[in-house]
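Undergrad: next one to model:
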Amino acid sequence: MAKGKNDAKEAGKDLQATLSTDGAPAGTSQPKAVELAKKQREIGVAEFFARNKHLLGFDNPRKALMTAVKEAVDNALDACEESGIPPEISVEIIEMAENRFRVIVEDNGPGIVKQQIGKIFAKLLYGSKFHSRKQQRGQQGIGISAAVMYAGLTTGRPAKILTRISPKHPANYVELTINTATNSPDILKESEKEWNKEHGTRIELDIEASYQKGSQSVDTYLKSTAVTNPHATIIYVNPKAEQYVFARATDTLPKPAQEILPHPHGVELGTLIKMLSESENRTLSAFLQENFSRVSPQVAKEICENARIPPNFKPDEITRDGAEALIKAFSSTSIMNPPTDCLSPIGEELLKKGLMKEVQAEFYSAITRPPVVYKGNPFQIEVALAYGGEQEKDGAITLMRFANRVPLLYQQGACGVTKAVTTTNWKAYGMQQSGGSLPVGPMTVVVHIASVWVPFTSESKEAIAHYDDIIKEIKLALQEAGRDLQKYVHKKSKVHLQLERANLFERYIPEVANALHRLTGKPEPAIVSGLQAMVKKDALQQRIEDMQAKNTEDDEEFAKIGAGDDEDEHIDPDAEEESALSHSLKKKAKDDAKKGDEKSADDKTNDGNKKK
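TA: Coordinates of the predicted model:
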């Protein structure tokens, strides 16, 4: 901070000296620009985010609790997966006083070396993920440091870190805060401690927050995380001392995502100029092959020819015009899509299995689309549907959004996933839908995007930007799953219609049997038995039961986790809007159903009059 003031003073002196030498009379009043220059100072990264906490997901006390837990759990899952360790994570939230909570998250990951503890937990925009091009939860190196900053701002208490890298090394204990002026850690205490874990990390934060169950609570976040991370065990104790164990459903870890080089079709002019100026390659051809994916010697030669630059030209001598010619050559050259081993999707089987555990339904469908590319970044869309069962029939569907296996609980209305769902024609698949809104009916939709770079709308990573390529791919996945749903709904409707006809015929069996008895003289009981055998009502009911999915994964206790009222004075505005929309849709659906019943009754009356 002192350095910033000194710099401003020096700048003012320099300007004053400049003005004096340019002919300004000595002793006269300084121009206004000089006075303004004295006030200029650099804004630190941490200072900016300390004043704009809402950009990081700390909008209100309820959301702050979920965000703090989310950042710690995401880091734990990434660390375990990168080290090939099946994650075992414990989350404990203790209510210390009114609006004061202690969050404790512990994992069995690889641990953190002592020299890196301060930078990882108390330095914004620091980490290993930003420059790595592969699927992972974190991206910006902000998350956990933001939680530490929020703890310091709201309670004044330091974060307490305990970590160990192997049984041969001692556990390191550190208490720290983040210096927002310098964006650096302030280490208040450090020592070695005994710990019964061979390796892992534990973080303890005291924050100002509020706890309430509901669709945007910590409970729902952890339950949803368990659905898309079936390889992890999560033990959760909430502020009411209720313990939940989300046991792993598989011992197989996700396929490790491999890091890839940038693709020529996704690079921008400024980035290319920087890469060229910093290159140590001797020739342009070598530069293209070593710094971009899918560029073979032949492709590099073709790019150079299209750009009209010799392949042996030195990269650091290429001008801005030459770089622009290369960008145009990238577009005009046929280059294979980037490799997709940088992605690690959930998979149709595990996605359906996780959804079955969450929702009791009669029909399930899961779709994993082939990988595609936008702006040189590979991504893959997965969709799952759960229809019917015990779900609400008159309200809007339940939409669950995920990005790189992380649940997105806020800003649903601003998310590209929501746009893809609302712009899909669900009426074609047997659902009710008003224009530009979520469909109405007993259904849950899960959408997961896996990508090396997820285009979030803000640093809080709550909604996905409206990229046309992504929305198009989500709609294709929804349509594919919708066709499966349509087949099921059509088949079920057909059997139900047959059952209604059978019930109608069954009502007149006694009269028909009596008439046939008088005409033929055959025993009436025998005629009744024969007619009932013709109806085959039991067989039709059995067909309906056989059509419905046998859910062996259903867990009633699991499904209840997070259930509760969403009433909160600080509730997310998007949630309020969505709740109002849901209420409106429910009312409309009920009105439509009522009109349909009245029309059906009128049709029956008219049919009766015609018969008479």
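Undergrad: element containing Lys492, please.
TA: If you go by DSSP states H and E, Lys492 is part of helix 468-507.
Undergrad: so what does that helix touch, helix or strand wise?
TA: strand 363-368, strand 372-374, strand 377-387, helix 416-422, strand 443-451, helix 524-535, helix 537-547 (3 or more CB pairs under 8 Å, 6 or more residues apart in numbering; DSSP states H and E). Every residue, glycine included, has its C-beta placed from N, CA and C.
Undergrad: tell me the SS of Val91?
TA: strand (DSSP: H, G, I helix; E, B strand; the rest coil).
Undergrad: quick one on the thing from earlier: how about the helices and strands packed on helix 468-507 in TSV, adding mean pLDDT and distance to Ser83?
TA: Putting those into TSV (pLDDT from 0 to 100; distance: least, CB to CB, whole Å) gives the following:
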stretch	mean pLDDT	distance to Ser83
strand 363-368	92	26
strand 372-374	83	29
strand 377-387	92	24
helix 416-422	94	31
strand 443-451	94	20
helix 524-535	73	64
helix 537-547	60	45
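Undergrad: can you tell me which of these is packed in deepest?
TA: Among the helices and strands packed on helix 468-507, ranked by average contacts under mean count of other CB atoms under 10 Å, first place goes to strand 377-387 (a mean of 26).
Undergrad: name the strands paired with that one and say parallel or antiparallel.
TA: Here strand 377-387 has these sheet partners by DSSP bridges: strand 363-368 (antiparallel), strand 372-374 (antiparallel), strand 443-451 (antiparallel).
Undergrad: next structured bit after it?
TA: On the C-terminal side of strand 377-387, the nearest following helix or strand under DSSP H and E is strand 398-403.
Undergrad: follow-up on the earlier one: who wins for proximity to Glu198 among the helices and strands packed on helix 468-507?
TA: Glu198 lies closest, by CB to CB, to one member of those: strand 443-451, at 31.2 Å.
Undergrad: what is the burial count for Lys168?
TA: 7 (other CB atoms under 10 Å).
Undergrad: picking that back up, now for the strands paired with strand 377-387, which one comes closest to Lys393?
TA: Closest approach to Lys393 among the strands paired with strand 377-387 is made by strand 443-451 (9.6 Å; CB to CB).
Undergrad: could you find the closest non-adjacent residue to Ala420?
TA: Using CB to CB, 6 or more residues apart in numbering and skipping the chain neighbours, the partner closest in space to Ala420 is Ile474 (3.8 Å).
Undergrad: if we can go back for a sec, let's have the strands paired with strand 377-387 in JSON lines, adding distance to Ser293.
TA: Listed next are the strands paired with strand 377-387 as JSON lines, based on distance: least, CB to CB, whole Å:
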{"stretch": "strand 363-368", "distance to Ser293": "23"}
{"stretch": "strand 372-374", "distance to Ser293": "11"}
{"stretch": "strand 443-451", "distance to Ser293": "15"}
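Undergrad: out of those, nearest to Arg137?
TA: Smallest distance to Arg137 across the strands paired with strand 377-387 (CB to CB): 10.9 Å, for strand 443-451.
Undergrad: Glu71: which element?
TA: helix 61-82.
Undergrad: strand partners (parallel or antiparallel) of the helix or strand harbouring Glu175?
TA: Assessed by DSSP H and E, Glu175 sits inside strand 171-179. With DSSP bridges as the test, strand 171-179 is paired with strand 159-164 (antiparallel), strand 184-193 (antiparallel).
Undergrad: just the C-alphas of the longest one, formatted as PDB.
TA: Which is strand 184-193. Backbone C-alpha positions of strand 184-193 (Å, rounded to 0.1, in the frame of the first residue of the first chain) are rendered in PDB as follows:
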ATOM      1  CA  SER A 184      -0.100 -12.500  -0.500                       C
ATOM      2  CA  PRO A 185      -0.400 -14.800   2.500                       C
ATOM      3  CA  ASP A 186       0.100 -13.600   6.100                       C
ATOM      4  CA  ILE A 187       1.400 -16.600   8.000                       C
ATOM      5  CA  LEU A 188       0.300 -16.100  11.600                       C
ATOM      6  CA  LYS A 189       1.400 -19.500  13.000                       C
ATOM      7  CA  GLU A 190       3.100 -22.600  11.600                       C
ATOM      8  CA  SER A 191       4.300 -25.800  13.300                       C
ATOM      9  CA  GLU A 192       4.500 -29.600  12.900                       C
ATOM     10  CA  LYS A 193       1.800 -31.800  14.400                       C
END
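Undergrad: in that strand, which residues are buried?
TA: Ser184, Pro185 (16 or more other CB atoms under 10 Å).
Undergrad: how about residues contacting it?
TA: When contacts are defined by CB atoms under 8 Å, 6 or more residues apart in numbering, strand 184-193 is touched by residues 118-119, 121-123, 158, 162, 170-179.
Undergrad: pretty sure Ile346 sits against Ala249.
TA: No - applying CB atoms under 8 Å as the test, Ile346 and Ala249 come out as separate, 11.5 Å apart.
Undergrad: between those two, what contacts are shared?
TA: In terms of CB under 8 Å, 6+ apart, Ile346 and Ala249 are both contacted by the residues Gly354.
Undergrad: more neighbours: the two, which one.
TA: Using other CB under 10 Å, the more surrounded residue of Ile346 and Ala249 is Ile346, with 25 against 18.
Undergrad: which stretches of the stretch 1-150 of the chain form strands?
TA: Assigned by DSSP state E, counting those that start in this stretch, the strands in the stretch 1-150 of the chain fall at 88-97, 100-107.
Undergrad: follow-up on the earlier one: show me what counts as buried in the helix holding Lys492.
TA: With burial defined by 16+ other CB under 10 Å, the residues of helix 468-507 counted as buried are 470-471, 473-479, 481-482, 484-486, 488-489, 492, 495, 498-499, 502.
Undergrad: so Met336 sits in a helix?
TA: No - applying three-state DSSP, one finds Met336 to be coil, outside a helix.
Undergrad: that older thread, take the helices and strands packed on helix 468-507 and write them to JSON lines, including distance to Gln298.
TA: Converted to JSON lines, the helices and strands packed on helix 468-507 look like this (distance: least, CB to CB, whole Å):
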{"stretch": "strand 363-368", "distance to Gln298": "33"}
{"stretch": "strand 372-374", "distance to Gln298": "21"}
{"stretch": "strand 377-387", "distance to Gln298": "22"}
{"stretch": "helix 416-422", "distance to Gln298": "37"}
{"stretch": "strand 443-451", "distance to Gln298": "29"}
{"stretch": "helix 524-535", "distance to Gln298": "72"}
{"stretch": "helix 537-547", "distance to Gln298": "55"}
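Undergrad: re earlier: gap between the helix or strand that comes right after the helix holding Lys492 and the chain center?
TA: Downstream of helix 468-507, the first helix or strand assigned by DSSP H and E is helix 509-520. Put simply, helix 509-520 sits 66 Å off its chain's centre (CA atoms, centre = their mean, to the nearest Å).
Undergrad: and helix 509-520, which residues are buried?
TA: In helix 509-520, counting by 16+ other CB under 10 Å, buried: Ile509, Ala513, Leu516, His517.
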